[in-house]
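Colleague: Dropping the sequence and predicted coords here.
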Amino acid sequence: MKEWANPGPWILQSVAVLTGCAGFAFAGLVPPSTVPLLVGVLLACVLPQLLGGIIAYRRGEVLLATISGLFGTVITMGAALTLYQQVFMAPQPGAFTPEVMAVFWFVLFILAETMAIGFGRASWFLLLGIAEVGVAFLFLSINAWTGSVGAIKTAGWLLIFFSAFCIYCSAAMLWAEQFERPILPLGKPIFK
């Protein structure tokens, strides 16, 4: 029986799509009228992350499976459902206030930073990328607490950078699998 394939590239491609789209929206680079479409984008990106996480667990890759499951269920589904509620279910604009999302994003910031340390065992580059998206979550939390436009724009740009990080890592993993040797470097481990 053949071993399950590495789901990492598929997971990362899905995360790149969702963080790129969300980043452009949060940074104000697309008109607000397009934001309701993010619900569909977010929901479409759940399946690769969730299935990829299950495959990673099957392969014994607990760190990849955990972050994939976290992104695929809690972050992506949570963001999609709350966005849907704010846009389509609120009796009037501003009827639902976002303070609980500040807690949501802050806890995700802490979880991302915790997982970043684990990724340091694989690569300094992966550690920095995961830590960077954690900082984006911190800025999303600040925005939810305060309504700060600067915080949401900063979070948007950080998500755009994280999308680029995911694209690069996905290409590195995909090409390494396809060509059976590393093509793009991912950096050396920090921790043993």
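Modeller: All right, it came through fine. Residues are numbered from 1 along each chain as shown.

Colleague: Lowest mean pLDDT among the helices and strands, pick that one out for the protein.
Modeller: Least confident element among the helices and strands of the chain, by mean pLDDT, DSSP states H and E: helix 76-84 (a mean of 90).

Colleague: Next, the buried residues of the longest helix seen in the chain.
Modeller: In the chain, with assignment by DSSP state H, the single longest helix is helix 149-179. Of all the residues in helix 149-179, those buried under the rule 16 or more other Cβ atoms under 10 Å are 151-163, 165-170, 172-174, 176. In short, each C-beta sits where N, CA and C put it, glycine included.

Colleague: returning to what we had before: from the contact counts, what lies against the least confident helix or strand of the chain?
Modeller: Contact here means 3 or more Cβ pairs under 8 Å, 6 or more residues apart in numbering; DSSP states H and E; on that basis helix 76-84 packs against helix 38-44, helix 46-58, helix 99-119.

Colleague: Near Gly72, how many other residues are there?
Modeller: Applying other Cβ atoms under 10 Å, we find 24 residues neighbouring Gly72.

Colleague: Hmm, it is touching Val46, no?
Modeller: Yes. At 5.3 Å, Gly72 and Val46 qualify as touching, with contact defined as Cβ atoms under 8 Å.

Colleague: Do I have it right that Ala102 meets Leu138?
Modeller: No. With contacts defined as Cβ under 8 Å, Ala102 does not count as touching Leu138, sitting 10.2 Å away.

Colleague: the more surrounded of the two?
Modeller: For Ala102 versus Leu138, neighbours defined as other Cβ under 10 Å are more numerous around Leu138 (21 against 16).

Colleague: Can you list phi and psi of Arg59 for me?
Modeller: phi -80, psi 0 (degrees, to the nearest 10).

Colleague: That one is in contact with Gly52, isn't it?
Modeller: No. Taking Cβ under 8 Å as the definition, Arg59 is not a contact partner of Gly52, at 10.4 Å.

Colleague: and for these two, which residues touch both?
Modeller: Residues touching both Arg59 and Gly52 by Cβ atoms under 8 Å, 6 or more residues apart in numbering: Pro7.

Colleague: And these two? Which one has more around it.
Modeller: Gly52 (26 against 16).

Colleague: distance of the more buried one from Gly69?
Modeller: When distance is defined by Cβ to Cβ, to the nearest Å, Gly52 is 9 Å away from Gly69.

Colleague: Check Gly23 too.
Modeller: Note on Gly23: its distance to Gly69, by Cβ to Cβ, is 22 Å.

Colleague: and what of Thr76?
Modeller: Using Cβ to Cβ, one obtains 10 Å as the distance from Thr76 to Gly69.

Colleague: Overlap in contacts, those two.
Modeller: Residues touching both Thr76 and Gly69 by Cβ under 8 Å, 6+ apart: Gln49.

Colleague: More neighbours: which of these two?
Modeller: Taking neighbours as other Cβ under 10 Å, Thr76 and Gly69 compare with Thr76 leading, 25 against 19.

Colleague: Thank you kindly, that will do.
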